[in-house]
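> Got a predicted model here, sequence first, then my questions.
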Amino acid sequence: MKAVQVSRTGGPEVLELVDLPTPTPAPGEILVRHTAIGLNFIDTYHRSGLYPLPLPFTPGQEGAGVVEAVGEGVTHLAKGDRVAYAWGPVGAYAEYRTIAADRVVKLPEGLDDRIAAASLLKACTVEYLVCRTYPVKAGETVLWHAAAGGVGLLAVQWLKSIGATVIGTAGSPEKAALARAHDCDHVILYREEDVATRVKELTGGRGVPVVFDSVGKDTFEASLNCLQPRGLMVSFGNASGPVTGVDLGILSTKGSLYVTRPTLIHYYATPEERERYCAQVFGKILNGELKVEIEQTFKLADIAEAHRALAARKTTGCTIIEP
């Protein structure tokens with residue numbers, strides 16, 4: 001089979017397409033033939049070494065496909081079942097992979113494999129952030145950075161389904177238009193406007209109770225400046241680099257603020273959680289509350305090009321890799 005392998009960490013050039021033996025499922029595992037693979041920013045953290053993994057490894061945390069074989073002891077899945085996963089372990093950048101049977105969820109009828117692979121990690125991220133990290137209520141105003149990104153567009157739609165008012169940030173007029181087309185109430189062009197000043201204007205000087213920030217280093221202090229007293233800063237990504245050297249005293253001077261750094265794996269930690277919360281995600285996709293748009297498609301052989309586009313913020317919406 002064809003698979004992408006990383007033998008040394010670094011830029012997109014370290015992603016090598018290689019031939020590997022098709023694996024055989026061990027007890028408790030299944031063999032999945034991928035029909036679509038998701039592309040996510042966390043993949044770049046693994047590739048670069050920001051989130052270290054033992055070398056060599058095959059990247060990718062998200063995929064969808066068909067069960068080709070089951071290992072001993074697997075009874076709830078059978079050959080031919082359609083499944084997806086979005087919480088690792090890594091290994092999705094391949095035509096086939098083995099994975100523990102309790103790490104996947106069955107896809108419901110009517111949900112296309114490509115849509116599942118493009119959106120599951122992103123939509124599950126939105127679910128845990130807006131429903132459990134900070135349960136957003138109808139009538140609240142929230143700030144979401146990178147509102148035209150893959151997670152951002154789904155977040156805007158989910159938040160609007162709750163009844164929230166959404167302030168988004170974007171890096172270009174084109175991305176701002178895309179966020180507005182998905183019902184983002186207000187979009188701030190962060191290269192042209194001061195984000196905190198504009199947020200205060202839009203909220204009558206109050207600020208927002210919560211900021212969702214996947215950008216990291218470049219937006220950290222501005223995000224704090226957007227918050228109401230006792231507000232929550234949810235830092236869930238490092239697109240501009242990790243936040244380091246934080247003086248905790250800044251949280252008191254800016255209004256007794258809270259900061260959290262959640263990750264999906266701790267919110268989708270058990271088979272029961274994965275089944276329960278994926279059912280909510282699938283329901284929102286199937287009933288039309290979440291419209292998943294695949295804006296970019298790359299071949300597995302072009303994975304380095306896909307990573308370059310993602311890192312340069314040239315992608316919008318969701319992206320898939322075709323095995």
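Perfect, I can see it now.
> okay, CA-based contacts and neighbour counts for the rest of this
Fine.
> mind giving me the domain split of the chain?
2-119+265-322, 138-261 (automatic domain parsing).
> Same list (those) but as JSON lines, adding mean neighbour count and distance to Glu127.
Shown next, in JSON lines, are these (neighbours: other Cα atoms under 10 Å; distance: least, Cα to Cα, whole Å):
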{"stretch": "domain 2-119+265-322", "mean neighbour count": "19", "distance to Glu127": "7"}
{"stretch": "domain 138-261", "mean neighbour count": "19", "distance to Glu127": "8"}
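> got TSV for those domains, with distance to Val126 and mean pLDDT too?
As requested, those are exported to TSV (distance: least, Cα to Cα, whole Å; pLDDT from 0 to 100):
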stretch	distance to Val126	mean pLDDT
domain 2-119+265-322	9	95
domain 138-261	6	94
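> Output the ones you listed in JSON lines; the columns should cover distance to Leu129.
Converted to JSON lines, these look like this (distance: least, Cα to Cα, whole Å):
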{"stretch": "domain 2-119+265-322", "distance to Leu129": "9"}
{"stretch": "domain 138-261", "distance to Leu129": "8"}
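> and of those, who's closest to Thr125?
Using Cα to Cα as the measure, domain 138-261 is the one of the domains of the chain that comes nearest Thr125, at 7.5 Å.
> And that closest one, how far out from the chain middle?
A distance of 16 Å separates the centroid of the chain from that of domain 138-261, by Cα atoms, centre = their mean, to the nearest Å.
> Quick one: end-to-end length of it, please.
The first residue of domain 138-261 is 24 Å away from its last residue (Cα to Cα, to the nearest Å).
> now the strands for the stretch 151-300 of the chain?
165-170, 186-189, 208-213, 227-235, 258-260, 294-299 (DSSP state E, counting those that start in this stretch).
> Out of these, which gets nearest to Val104?
strand 294-299 (21.9 Å).
> next SSE after the closest one?
helix 303-311 (DSSP states H and E).
> chain center to that following helix: distance?
16 Å.
> Tabulate the CA atom coordinates of that helix in CSV.
Provided in CSV are the C-alpha atoms of helix 303-311 (Å, rounded to 0.1, in the frame of the first residue of the first chain):
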residue,chain,number,x,y,z
ILE,A,303,0.5,15.8,0.6
ALA,A,304,3.5,18.3,0.9
GLU,A,305,1.6,20.8,-1.3
ALA,A,306,-1.4,20.4,1.0
HIS,A,307,0.6,21.2,4.1
ARG,A,308,2.2,24.2,2.4
ALA,A,309,-1.3,25.6,1.5
LEU,A,310,-2.6,24.9,5.0
ALA,A,311,0.4,26.6,6.8
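> Can you name every helix or strand that that helix contacts?
helix 41-48 (3 or more Cα pairs under 8 Å, 6 or more residues apart in numbering; DSSP states H and E).
> got the angle for the helix it packs on vs helix 303-311?
Between the axes of helix 41-48 and helix 303-311, defined by axes from the mean of the first three to the mean of the last three Cα atoms, to 10 degrees, the angle is 120 degrees.
> roughly how far apart are Tyr128 and Val259?
Distance from Tyr128 to Val259, by Cα to Cα: 16 Å.
> let me redo that: Ala177
Computed as Cα to Cα, the Ala177 to Val259 distance reads 30 Å.
> and if you look at Cys124?
Taking Cα to Cα, one finds Cys124 at 21 Å from Val259.
> Thanks a lot, see you next time.
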